[in-house]
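Colleague: take a look and give me a structure for this.
(one chain, ligands or ions: 1)
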Amino acid sequence: MPHAVSFLRAARLARSAKPFLARGGFKRERCAGCRLVPSHCMCAVRPSVATRAGVCLLMADIEPLKPTNTGWLVADVVADTFAFGWARTETDPALLALLNDPQWQPYVVFPGQYAAPERVVLAVPAPGPDGNGSAKRPLFILFDATWAEARKMFRRSPYLDRLPVLSLQPERITQYRLRNSGRDDHFCTSEVAAMCMSLAGEPVAEQTLEAYLAVFTQHYLRAKNQQPIAWDDAAHRRLREVSARLPA
Ligand SMILES: [Zn+2]
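Modeller: Residues are numbered from 1 along each chain as shown. You can find the predicted model right below:
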């Protein structure tokens with residue numbers, strides 16, 4: 001079933017089909033479910049985790065079209081994933097409605113050093129009894145963008161200014177190999193979502209996102225290098241192991 005990122009991708013593609021095709025973006029046929037070539041499709045192993053926490057992706061203009069985008073993977077795994085295209089001059093009313101929905105406590109996930117200190121939080125309150133503040137479900141707002149774009153989006157989205165900024169304290173370096181920002185403390189969107197799920201007390205979602213990213217990376221690289229999929233490699237075994245813990 002199409003999810004938030006696939007809808008956004010389809011809409012973005014419709015607006016720019018000609019230039020993107022001209023650049024050779026889609027020479028080979030792609031699976032609509034996973035964006036890979038059919039021989040390397042990974043739809044058969046797509047996991048889905050029921051989570052209390054949600055994710056709201058704010059996507060830079062071209063991001064939904066990039067084959068290496070990992071916001072797509074977040075939308076696969078986390079059922080309550082929302083996605084919006086970001087533009088400086090206009091804001092989707094549906095995004096504002098989501099941020100004002102009382103069931104959610106939104107957090108802007110961004111390095112604390114860029115925010116006023118009083119906005120910065122390092123943790124997410126555990127679920128509390130009804131009637132207290134932590135009864136709200138955490139909604140993690142992630143910038144699905146390059147680092148330069150993300151900084152611009154953070155600065156120029158006044159509707160985010162009233163929200164707490166969740167500053168992650170990564171304990172490891174990025175494992176993502178399909179893009180290279182030149183820094184090992186720049187994490188891809190799926191890795192950031194996994195760290196948020198960990199803070200929200202959702203270890204199954206965290207581990208599923210990590211395992212699924214490794215499987216995607218393998219499929220992507222093997223498609224690019226025209227090698228067959230190794231369905232029993234460490235990445236697939238790990239994903240099966242994690243998926244086995246999910247309620248049937
Ligand atoms: Zn597929």
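
Colleague: from here on, contacts and neighbour counts on C-alpha atoms
Modeller: Fine.

Colleague: what residues does the protein have near the ion?
Modeller: Contacts of the chain with the ion, taken as Cα under 5 Å from the ion, map to 31, 33-34, 41-43.

Colleague: just the buried ones from those residues, in ChimeraX syntax?
Modeller: For the buried members of the residues of the chain next to the ion, the matching ChimeraX selection, counting by 16 or more other Cα atoms under 10 Å, is:
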select :33,34,41,42
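
Colleague: okay if I get the residues of the chain next to the ion as a markdown table plus secondary structure and pLDDT?
Modeller: A markdown table is the format used below for the residues of the chain next to the ion (DSSP: H, G, I helix; E, B strand; the rest coil; pLDDT from 0 to 100):
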| residue | secondary structure | pLDDT |
| --- | --- | --- |
| 31 | coil | 93 |
| 33 | coil | 94 |
| 34 | coil | 95 |
| 41 | coil | 97 |
| 42 | coil | 97 |
| 43 | helix | 97 |
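
Colleague: and which of the residues of the chain next to the ion is nearest residue 246?
Modeller: residue 43 (17.3 Å; Cα to Cα).

Colleague: show me the contacts for the closest one.
Modeller: Contact partners of residue 43, counting by Cα atoms under 8 Å, 6 or more residues apart in numbering, are 33-34.

Colleague: so which strand or helix has residue 55?
Modeller: According to DSSP states H and E, residue 55 maps onto strand 54-59.

Colleague: mind checking how far the next helix-or-strand element following that strand is from the chain centre?
Modeller: Once the chain leaves strand 54-59, the next helix or strand it forms, by DSSP H and E, is helix 71-77. Helix 71-77 has its C-alpha centroid displaced from the chain centroid by 6 Å (Cα atoms, centre = their mean, to the nearest Å).

Colleague: helices or strands up against helix 71-77?
Modeller: Helices and strands touching helix 71-77, by 3 or more Cα pairs under 8 Å, 6 or more residues apart in numbering; DSSP states H and E, are helix 4-22, strand 81-85, helix 189-199, helix 203-224.

Colleague: can you rerun that using 7 Å?
Modeller: Judged by 3 or more Cα pairs under 7 Å, 6 or more residues apart in numbering; DSSP states H and E, helix 71-77 is in contact with helix 4-22, helix 189-199.

Colleague: which one of those helices has the poorest average confidence?
Modeller: Lowest mean pLDDT within these: helix 4-22, at a mean of 78.
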